[in-house]
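Asks: kindly return the folded structure for what I paste below:
(2 chains)
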Amino acid sequence: MSKLLSKLQFSALVAAALCVGCTQAPVPAAHSEASAASPSAVPAPVQPAPDPTALAGKSVPAIAAPSAVSGWRRQEIAVLPWGAGPNQAGRVAQGEQNLEAPMAFDGDGQGRVWLLDQVNQRILVLQVGQTTRVIPASRTAQDIAITASGQPWVLDRLVDRNVQLLDPVTGAVQKTLSLTEATITESGLSSALWQHAGKLWLEMENTYLIALDDLAHPKLMGRPSRDGKWLLSALRVPPDKVAVAGNAVGQSATEAPKLALQAEFPLPVWAIAELDSDASGRVWIVADLVKFGPDDRPVDRKRQAVAWKEDGKVAARLDLCAPVGAEEQFRTARVLADGTLLNLCRGPQGIVIERFAP
Amino acid sequence: MSNHQMNTYQRHKIYIYQLIFVKLLAVVALAVPISSHAAPNPMTVNQIFDIAKTVTGFSYWWGGSKWKPGAADIGKCIPNGSSGCPNCSHTGAYGADCSGFVGKAWQVDKPMALDVAYHPYSTVHFTGQTTWWTHPPKADAQPADAFTYNKDGAGHIFLYEKGNPSGSVYAWECKGCSYGCVYNLRSISPDYIVARRKLIETPPACKKHCEGTSIVGEDCGKVDCAAYGAKCVDDNLGVRCVSVFCPAQGTTTTCLPDPKNAKIATCVNGALKDEANCGAYGAICSTAVPPKPKCVVALCEDNPKAAPKAGDLCFQNKRMTCNTTGDIKDNPCPASSPCQTAAGKTGPGSGTCGPVACGDCNDSNPCTDDSCSNGACVHKANTKACDDSDGCTTGDVCANSDCNGSAKSCDDGSACTADACSKGQCTHLPNSGECDDGNVCTTDSCGGKGCESKPKDGQCEDGDGCTSGGACKNGNCSAAAVKQCDDDNACTTDSCTNGECVYGPSASDCDDGDACTLGDYCAKSLCLAGSSNPCDDGKACTNDTCAVGACIHTPDLAKTVRACEGNAVVESNACSGAMISKTACDVNKQCDAGACKTAAEMALKDASGDTGGSNSADGGGSAQSDSSLGALDGSAAAPTGNVSNGGNSASSCQSGRSLHFGTLWSIVAVCGLILARRRKFAD
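Replies: Presented below is the predicted three-dimensional model:
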């Protein structure tokens, strides 16, 4: 990767992290550029969290927005109108309750997409143009992660407070991991299911991961990259940037992140929809971009993905279908190991699942 | 139409009706104020959060707005299909929908208990109105704001705690029928807008609190409670100064420090109120008298429950005693103990209840114990040591109410002085008195050293009646002869005592002068006969007898003796020894001691240990057998056999053959004495 920062004076680098509802923080002056450093090679179960705020204001290559990097092919996997039929997706959108639609999905190595259609208490296994399988799932599941062998883990963080491994054909529960262990004080604050190094992890507050299927419950202070080099974290840099930081595996918590990436977007960043990497070492960020009118109502919205190559250069900038509506979402963009990007797009009539591949 | 289709149709119908209803509600709500009088109270962010936290776990209830923290009944929402509420039902007492929850957390439009249903606003109001809230930009969202959305009949609202760098937010919300009310990190659509409650109080610069004895106020100023005799207390009643004499909470009475212990006050939640002076009523503030500190008559403080006792104060014949609350209570003095004035008179006036006073009963006599009894002085004699003021007496002691001593001894032991005591001093004046040392063998006279004695000669009487013919020699009187008292009776002991002869019994042996008795002995100063004398001369051909005090041996030529020779009995002449006959014993008998005996007789003989030796010619065997049995018995019973030669004294008594005085009365007396004496010896 091209822009590896090291030995930054992080104590002075605090982002103007004006996230939604956050108290605005002052933006101190940037310090000197850091030279590149080689990451460590050996992964460790617990790593210091990269501090994306340290990247705020840094002079990193601006991404030429909004033009997309050429060479990527978009494919629609499914278009599912609202409903409960085999080629539909459930939605709740009527008065005095949370608006819901499929919150999460994931892809497997076979080209299939597993859509968590929790409103209809099911998972749809989709291939291009068709639903190939339907298996039952919890009404209150909110995330799904497919194992390398093609089995779904589903997260129910608010009601049953567990993670269950389902039979990929029948949906029968094969394993249940409780989220009421002392290491998880509030399962409602979990933010993602994650698979890494043969373990199932639960991300808490978009910050750290706890291994669920390891009695020692090791922690990772960031999302591990698939090439095993980084523990990644990201933050919005208002109004229109996202910074990504990577701590090298084995790096001391007191050291500055050795990976520092920043993307600028054509619209203000509303939320970070995904942060991940692929097996080739590309780091991906997916951001929801919203421009508000004078009445604080959205007047323009986009979803863009940016991928950096291992050398830090931008490998892709993709305009994705931007979700609309007030439905809650959990994981609506996924990066697969092979570098494929999946996007779950919510529209007024239903959802569209699109795939981007180089 | 299938059931499924009908159900779907019906649900759609219900939904349409409800949608219309909601829209109508929205129109009405936008047009008509909920209440012209209701108004919310100012709240802090933390107060809102404190309410919000309590909803977690309760069920979603379409149109609901009540919950009770800690209640076991959290309610349950049951969906009917996948469209969510209102196509749902609810059971249980508690639950809330999203707007019911936020309205209650915000306490709009007025304060309302959580467990009371009150649902004045929906997302239509929160999104479209600004009644008790404003709509700041989302970028300016603050904790305790709400994110609200309502469009085309779909609406939701949740309470915002904070955001995170990814764009997610921490929120409390009554999310939906399946989820219930939760606290979670969630995404937020840009279609939501922010609603901010009006009347949010800004937390003060300083939180009011205690620092030692001082109160630190919200303006960060400090006031020392100690300056007011108080301490700082921070409890559920707030931060405040509390008197050191008061508990922090509650209403009590307390005694205040006072030299006269007379100040009393009331504590109300730590503050002193209604200070008063018990002393104005002649009382003190006491903590000793239950139920609480109060003004108490001093004399009643120590033991207000003490029973009335003699000496209690009285006035106008009323007895003043303490009741259980420490107050004086007037009671009449008992009839037996009328109220007595100080002058010792009964009747009106102040005094004490009790017996009639005697005045001064001291008679100044140390030999009396003075007291008052029923108005009369009593002087009881005692036996105490005292002083009679006479130096010529000693050991003064009280007796019969007088003090008397014994005359002091001034005797100097000299007959040549006149000893006397005067004014406590002994005097010894010379006199011409006679000296007498009581010795008839001295001549006594007063000399220079008092009485002097010189030996003199001449007859004297030594005062012993058992002597006679005394004479003085070297100042001593010596007797010349001793009085003779021998009565010539061997059975008396002879002596002289105080000039008189005394003859006592003697237990020695004696001789009664009768040759026909042997072993004579003394009894009661008499010499009594012993056993009869057998007079055996050792000759077989004589008959031995005793008569008139002499042994007589008469020759008997016809006397024979029997002896064994082989198994035959040989009879011979006792004097000449010539054999008279020889008779062989039967074959089943054996010759023994001059007689033929059966085996049984022999066995009896062997058993008795008798070795024979009898020379009796007429049944000596049986005689030996009887005698032996009597010895074994150990008694003094007399043998019954016809023993002619060798009987003992007892048999002699019984036979009467040993008598030599020949008088009947002597027989009885003497035999009794003999038996008694033998028994004594046997013991």
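Asks: which stretches in the stretch 101-250 of chain B count as strands?
Replies: For the stretch 101-250 of chain B, strands defined by DSSP state E, counting those that start in this stretch occupy the ranges B:133-134, B:146-151, B:154-163, B:169-176, B:180-186, B:193-197, B:200-201, B:209-211, B:214-216, B:222-224, B:230-235, B:238-243.
Asks: need the mean per-residue confidence for the very next helix or strand once past the last one.
Replies: For strand B:238-243, the succeeding helix or strand toward the C-terminus, using DSSP states H and E, is strand B:251-256. In this model, strand B:251-256 has a mean pLDDT of 88.
Asks: strand B:251-256 - which strands sit beside it in the sheet, and in what orientation?
Replies: Strand pairing for strand B:251-256, using DSSP bridges, gives strand B:263-268 (antiparallel).
Asks: tell me the angle the strand it pairs with makes with strand B:238-243.
Replies: Counting by axes from the mean of the first three to the mean of the last three CA atoms, to 10 degrees, strand B:263-268 lies at 170 degrees to strand B:238-243.
Asks: residues making contact with strand B:263-268?
Replies: B:243, B:245-247, B:250-257, B:272-278, B:285, B:293-295 (CB atoms under 8 Å, 6 or more residues apart in numbering or on different chains). C-beta here means a position set from N, CA and C on the backbone, and glycine is covered the same way.
Asks: please redo it, this time with the cut-off set to 7 Å
Replies: Strand B:263-268 is contacted from outside by B:243, B:246-247, B:251-256, B:272-278, B:285, B:293-295, using CB atoms under 7 Å, 6 or more residues apart in numbering or on different chains.
Asks: can you check stretch B:43-62 too?
Replies: By CB under 7 Å, 6+ apart, stretch B:43-62 touches A:96, B:67, B:69, B:74-77, B:85-86, B:88, B:90, B:92, B:94-97, B:101, B:104-107, B:114, B:143-144, B:159, B:172, B:174-177, B:179-183, B:199-201, B:203.
Asks: my read: B:V440 touches B:C460, true?
Replies: Yes - the criterion here is CB atoms under 7 Å, and B:V440 meets it with B:C460 at 4.8 Å.
Asks: of the contacts of strand B:263-268, buried ones?
Replies: Among those, those scoring as buried are B:243, B:246, B:253-256, B:272, B:276, B:278, B:285, B:293-295 (criterion: 16 or more other CB atoms under 10 Å in any protein chain shown).
Asks: and B:F49, that one's in a strand?
Replies: No - B:F49: not assigned to a strand; according to DSSP: H, G, I helix; E, B strand; the rest coil it is helix.
Asks: which one of the strands of the stretch 101-250 of chain B lies closest to A:I285?
Replies: strand B:154-163 (18.3 Å; CB to CB).
Asks: that closest one vs strand B:193-197, what angle?
Replies: Orientation check (the same axes, to 10 degrees): strand B:154-163 against strand B:193-197 gives 70 degrees.
Asks: give the rounded mean pLDDT of strand B:154-163.
Replies: Mean predicted lDDT for strand B:154-163 stands at 96.
Asks: residue of chain B nearest chain A, please.
Replies: The minimum distance from chain B to chain A, using CB to the nearest CB, falls at B:G167 (2.7 Å).
Asks: quick one, what contacts B:N543?
Replies: B:T554, B:D556.
Asks: am I right that B:L237 is in contact with B:Q249?
Replies: Yes - judged on CB under 7 Å, B:L237 makes contact with B:Q249 at a distance of 6.3 Å.
Asks: need the overlap of contacts for those two.
Replies: With contacts taken as CB under 7 Å, 6+ apart, the residues that reach both B:L237 and B:Q249 are B:N269.
Asks: per-residue pLDDT, the nearest residue to B:C358 once chain neighbours are set aside?
Replies: Nearest residue to B:C358 in three dimensions, chain neighbours excluded: B:C372, at 3.4 Å (CB to CB, 6 or more residues apart in numbering or on different chains). The model reports B:C372 with a pLDDT of 78.
Asks: could you do B:D462 as well?
Replies: Note for B:D462: predicted pLDDT of 77.
Asks: quick one on the thing from earlier: give me the buried positions along the one helix or strand the residue nearest to B:C358 maps to.
Replies: Following DSSP H and E, one finds B:C372 within strand B:368-373. Neighbour-count burial for strand B:368-373, counted by 16+ other CB under 10 Å, picks out B:T368, B:C372.
Asks: is B:E601 in a helix, a strand, or coil?
Replies: Using three-state DSSP, the structure places B:E601 in helix.
Asks: higher neighbour count, B:L237 and B:Q249?
Replies: Under the criterion of other CB atoms under 10 Å in any protein chain shown, the comparison of B:L237 against B:Q249 puts B:Q249 first, with 15 against 12.
Asks: just to revisit the earlier point, now which of the contacts of stretch B:43-62 would you call buried?
Replies: Of the contacts of stretch B:43-62, these count as buried by 16+ other CB under 10 Å: A:96, B:67, B:74-75, B:77, B:85-86, B:88, B:90, B:92, B:94-97, B:101, B:104-107, B:114, B:143-144, B:159, B:172, B:174-177, B:179-183, B:200.
Asks: where does the prediction get shaky in the chain?
Replies: All of this refers to chain A. A:1-70, A:253 (pLDDT under 70).
Asks: correction: the question concerned chain B.
Replies: In chain B, residues with pLDDT under 70: B:1-37, B:280-282, B:289-291, B:297-357, B:374-375, B:432-433, B:605-683.
Asks: quick one, domains of chain B?
Replies: Split into domains by automatic domain parsing, chain B comes to B:3-201, B:209-300, B:315-353, B:480-534+B:647-683, B:537-640.
Asks: does A:A337 touch A:D278 like I think?
Replies: Yes - between A:A337 and A:D278 a contact is recorded at 5.8 Å, counting by CB under 7 Å.
Asks: following the strand holding B:C372 in sequence, what is the next regular element?
Replies: strand B:376-381.
Asks: what helices or strands is that next one leaning on?
Replies: strand B:368-373 (3 or more CB pairs under 7 Å, 6 or more residues apart in numbering or on different chains; DSSP states H and E).
Asks: and the strand it packs on, which strands flank it?
Replies: Assessed with DSSP bridges, strand B:368-373 is paired to strand B:376-381 (antiparallel).
Asks: before we move on, the earlier item: okay, the domains of chain B, which one's buried deepest?
Replies: Across these, averaging neighbours per residue (mean count of other CB atoms under 10 Å in any protein chain shown) puts domain B:3-201 on top, at a mean of 20.
Asks: quick check: neighbours shared by B:V440 and B:C460?
Replies: Counting by CB under 7 Å, 6+ apart, the shared contacts of B:V440 and B:C460 are B:C472, B:C477.
Asks: partner residues bridging the closest residue to the residue of chain B closest to chain A other than its chain neighbours?
Replies: Using CB to CB, 6+ apart and skipping the chain neighbours, the partner closest in space to B:G167 is A:A271 (2.7 Å). Beta-bridge pairing for A:A271 (DSSP bridges): A:D288.
Asks: my guess is B:G64 meets B:A93, correct?
Replies: No - at 9.7 Å, B:G64 does not count as touching B:A93 under the criterion of CB under 7 Å.
Asks: sorry, back to before: show me which of A:A337 and A:D278 is the more surrounded one.
Replies: Neighbour comparison, A:A337 and A:D278: the larger count goes to A:D278, with 21 against 14 (by other CB under 10 Å).
Asks: state the distance from the more buried one to chain B.
Replies: Remark: distance between A:D278 and chain B (CB to the nearest CB, to the nearest Å) = 20 Å.
Asks: hang on, the earlier thing: among the contacts of stretch B:43-62, which are in helices?
Replies: Within the contacts of stretch B:43-62, residues falling in helices by DSSP state H are B:F101, B:K104, B:A105, B:W106.
Asks: as CSV, the residues you listed with distance to B:G577 would be great.
Replies: Converted to CSV, those look like this (distance: CB to CB, whole Å):
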residue, distance to B:G577
B:F101, 164
B:K104, 164
B:A105, 164
B:W106, 169
